[in-house]
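Colleague: pasting the sequence and the predicted coordinates here, then a few questions.
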Amino acid sequence: MVIDKGDGAVAVLPYGVKCVDDGVQVSYGPTRRSVTDKWIRDTFDVDLQLSSVQPYSNRKVISHDDLSVTMQYEVVGGSFHTPLVKGSPFITVVYEESTPVVSSTTMHITNVESRVVENSLGMHYIVTLGNYQKWYVYCSEPKPLVWSGDTLTAVSAFSGVIRVAILPLQNVEAALSQLLLYTDSYPIGADVDMRYSDDSKATLTYTFKTEGSGLLLMLALPHHVDVMTEKVSESTMRARDAYSPIWSIKGKMLAIEGNVWHLHYKLLSPGWVYDLKDRVISTDQLNSIGQALQLDVLTLPPVAPDPYNFGKEVARLATLALIADNLGITDARKRALNTIENSLTPWVLGKNNDALVYDSTWGGVVPSAGIADKMADYGAGWYNDHHFHYGYIIHTAAALAKLDRPYFDLHRAVFDALLRDVCNKNRDDSMYPYVRHKDMFDGHSWASGLFQQANGKSQESSSEAVNAYYAVKLYADATEDTELSKFADLMLSMEVHSVKKYWHVSNFDIYDEAIGNIRMIGNVGAFDVTTSTWFGSKVEFIHGINIIPLSPVTEHLYNKDYVGLEWSVVEPSVPHDSSPFTMAKECSKNDHCVALGITGDCCPTSDSVVLACCDGAPGVESEARMNGEWAALLYAVHAVIDPDSAWNEMMSVKNYGSGNSRANSLFWVASRPTVQPASMHNYSTTTRWNQSFSFSASCSENSACDAAGMIGKCCPSDSGINLGCCPIEVAG
């Protein structure tokens, strides 16, 4: 709302809204939903627009908080403003000495029905549009709205409220009866409060601030309902039954009566290394991990010029240092730390080619290349993916705080700045925003920074977002910052919960079977979801990008039940050669080294350096890319349901990628809990992926049909025809 012309679409669930010079444009996209095996898309189009007769002068944001923003319009002789609060079933516009106009020049108004409501001084209308939508329009003042063509216009200027709400076609009268109970109370913002009952529980409380009188009605997303443990009131149940179905891209929203919500989260509190409680690692496995560790710390010194890839490289070594410390392998620990510090020092001193600098305009740390070119460094100059990029560096800083405190203390100011950039807990900090990427209503982060996108905000690599808050948790623990530790743990727990709800497809409650059959969403947007990534749509990309980086928090993302479903999807694509790979020391046994004419020892050299030409070095695989870093990630989740097979699979991998390593991957597999053979049999045989394109005939089980108000059979209908709301299969 403040980028470019300030006219980008924002998700004020269940609606999309654009604030343009002409007025407040409102879209209920689910009635235009398209569902395929590749995407679900709620197209933004203007269903209603709220404006005034008086000419426009200017507009500006006059207030905002964690769940809302208020846009004010100045018009000749008056003004109006709209408090856009996530979860409100109404879009509300408050007029001050101006003449309201409700219009639909795109969809066209085909009918207006006035309703008389007992004991109400206001005016009530049901407006039908050319796209068959029905809207409830409420005017708080006893002044009629005159219908002419595609507009409803008040007879004169006044100070009062216009509210509009979509009516589900399956329950128009019942929904209207419920909404009439809540017209006089409207939200203008919200306070979000956090309380920690102990080290394992936290409560997030939304207190919606209201104007008007009476009770407030709001709408909750599925992940909210999961963590609301209080008994649901009878009035809330009546509202849910009547005002339904109301769809968003995140599934059906459910009515909640009242202005206070309590969301109860279990804090995850993952540790520094993989949990070994009640788990036994064999001597042979420990030896393999130790041998891999000694070689891994010699491989791939961090040299990437951009903060994202550099961050992955140093975090890889930080993980190796932590594993070495845990296993008591002191020389590997020392080698890893030395390499980290030699590589990191130019960055913390600002002497690298892409120096990190402070941006006073938006309040954050950005790479200098990103200031010159907003597309450089994956858009980091425009705050794209900051939590991904800096999460890796913060994880590295946390390891340094634990393992080499003098070095950490020397450069702590830089590390603190990166932390404040992505996970600032101080609302009063004038230099950095509060938890930059986190959406306190949706529960997860958005990655797209300042870029304006047709699908609103979006995020692809959900696991890298999780990694950012995990890194901050470790940082807080290492620096003994108790308050930050609790805060980061809650941000982490919220992120994990929403990722498992909106990226991992465990059932078809949120997304249609047609797209959910692949069991992972590649990219979640405010108005769409896709089974693709920015760099491709192969199954290993979609799943792998939501696994990286492999760390102790991965255990909280991937449980046996989900992985049983996921593995049935990815298993047909992964390599099945389980022959152990061992890097040969001699140059003559590494084809790329031979091609370069290098002789002697290469892998490692006599100076303990693994050359880039060695088999197994990133980018030096003769097989398809799936045989490397992506395969290792998929083998890693396989370990959740079959650690023995996954061990052999992982041993066959040559290249683990720039952000992972053989030692880390093997340690993960070895530390997985034992799975009973009967359970493994169940996961491998009873959850096989249905690769056929299929969906239910019932209208209510196809989200686009349900959102459009269809009932009975749609896909196909009783006449044997698939209606336009049915899923379609996209070629390729």
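Modeller: Perfect, I can see it now.
Colleague: chain neighbours aside, what residue packs nearest to Leu219?
Modeller: Distance criterion C-beta to C-beta, 6 or more residues apart in numbering; nearest residue to Leu219, sequence neighbours excluded, is Met253 at 3.9 Å. Just so you know, the C-beta spots here come from the backbone N, C-alpha and C atoms, and that holds for glycine as well.
Colleague: that neighbour: how many residues sit nearby?
Modeller: Residues lying near Met253 (other C-beta atoms under 10 Å) number 24.
Colleague: separation between it and Ser360?
Modeller: Counting by C-beta to C-beta, to the nearest Å, the gap from Met253 to Ser360 is 39 Å.
Colleague: okay, and the residue nearest to Leu219 sits in which element?
Modeller: Per DSSP states H and E, Met253 falls inside strand 251-257.
Colleague: surely the residue nearest to Leu219 touches Ile246?
Modeller: Yes - Met253 lies in contact with Ile246 (C-beta atoms under 8 Å); the separation is 4.8 Å.
Colleague: what are the ranges of the helices in the stretch 151-300 of the chain?
Modeller: Along the stretch 151-300 of the chain, counting by DSSP state H, counting those that start in this stretch, helices occupy 172-179, 222-226, 234-242, 283-296.
Colleague: OK, contacts around Glu513?
Modeller: Ser694, Phe695, Ser696 (C-beta atoms under 8 Å, 6 or more residues apart in numbering).
Colleague: surely the last one is in contact with Pro716?
Modeller: What it means is Ser696. No - the criterion here is C-beta under 8 Å, and Ser696 misses it with Pro716 at 10.8 Å.
Colleague: higher neighbour count, those two?
Modeller: The neighbour comparison of Ser696 against Pro716 (other C-beta under 10 Å) goes to Ser696, with 18 against 12.
Colleague: the more buried one: what's it in contact with?
Modeller: Counted by C-beta under 8 Å, 6+ apart, Ser696 has contacts Glu513, Asn702, Cys715.
Colleague: what of Tyr558?
Modeller: Ile547, Glu566, Val637, Val640.
Colleague: same thing but at 6 Å, please
Modeller: Contact analysis of Tyr558 by C-beta atoms under 6 Å, 6 or more residues apart in numbering lists Val637, Val640.
Colleague: next: the one 3 residues further on.
Modeller: Asp561 makes no contacts at all, as judged by C-beta under 6 Å, 6+ apart.
Colleague: tell me which element it falls in.
Modeller: helix 560-570.
Colleague: what does the longest strand along the chain rub up against?
Modeller: Longest strand of the chain, by residue count under DSSP state E: strand 185-198. Residues from elsewhere that reach strand 185-198 (C-beta under 6 Å, 6+ apart): 65-68, 83, 85, 88, 92, 202-212, 214, 216, 440, 486.
Colleague: so for that strand, what gets flagged as buried?
Modeller: Ser185, Tyr186, Pro187, Ile188, Gly189, Ala190, Val192, Met194, Tyr196 (16 or more other C-beta atoms under 10 Å).
Colleague: pull the most distant pair out of those residues.
Modeller: Tyr186 and Tyr196 (31.9 Å; C-beta to C-beta).
Colleague: related to what we said a few turns ago, need the contacts of Glu513 in JSON lines (columns: pLDDT and secondary structure).
Modeller: Formatted as JSON lines, the contacts of Glu513 follow (pLDDT from 0 to 100; DSSP: H, G, I helix; E, B strand; the rest coil):
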{"residue": "Ser694", "pLDDT": "76", "secondary structure": "coil"}
{"residue": "Phe695", "pLDDT": "87", "secondary structure": "coil"}
{"residue": "Ser696", "pLDDT": "91", "secondary structure": "coil"}
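Colleague: so which of the residues you listed comes closest to Val435?
Modeller: Closest to Val435, out of all of the contacts of Glu513 and judged by C-beta to C-beta, is Phe695, at 38.2 Å.
Colleague: which residues sit in contact with that closest one?
Modeller: Counted by C-beta under 6 Å, 6+ apart, Phe695 has contacts Glu513, Ala514, Cys715, Pro727.
Colleague: over to Ala401?
Modeller: Per C-beta under 6 Å, 6+ apart, neighbours of Ala401: Phe408, Ala478, Thr479.
Colleague: among those, which lie within helices?
Modeller: If you go by DSSP state H, the contacts of Ala401 have Phe408, Ala478 in helices.
Colleague: any chance of TSV for the contacts of Ala401, columns pLDDT and neighbour count?
Modeller: As requested, these are arranged in TSV below (pLDDT from 0 to 100; neighbours: other C-beta atoms under 10 Å):
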residue	pLDDT	neighbour count
Phe408	98	21
Ala478	98	19
Thr479	98	21
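Colleague: any weak-confidence spans in the chain?
Modeller: 577-583, 615-627, 677-692, 731-732 (pLDDT under 70).
Colleague: assign the closest residue in space to Leu596 that isn't next to it in sequence to helix, strand or coil.
Modeller: The shortest distance from Leu596 to any non-neighbouring residue, by C-beta to C-beta, 6+ apart, is to Cys613 (5.6 Å). Here Cys613 is recorded as coil under DSSP: H, G, I helix; E, B strand; the rest coil.
Colleague: mind exporting the C-alpha coordinates of stretch 451-464 to CSV?
Modeller: The C-alpha coordinates for stretch 451-464 follow below in CSV (Å, rounded to 0.1, in the frame of the first residue of the first chain):
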residue,chain,number,x,y,z
PHE,A,451,8.2,-6.3,-4.5
GLN,A,452,4.7,-5.8,-5.6
GLN,A,453,3.2,-9.1,-7.0
ALA,A,454,-0.1,-10.0,-8.6
ASN,A,455,-0.6,-12.8,-6.1
GLY,A,456,0.1,-10.5,-3.1
LYS,A,457,3.0,-11.6,-0.9
SER,A,458,4.5,-15.1,-1.3
GLN,A,459,7.0,-17.5,0.2
GLU,A,460,8.7,-20.5,-1.4
SER,A,461,11.2,-22.1,0.9
SER,A,462,9.2,-22.6,4.1
SER,A,463,12.0,-24.5,5.8
GLU,A,464,14.5,-21.7,5.3
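Colleague: off-centre distance for that stretch?
Modeller: 7 Å (C-alpha atoms, centre = their mean, to the nearest Å).
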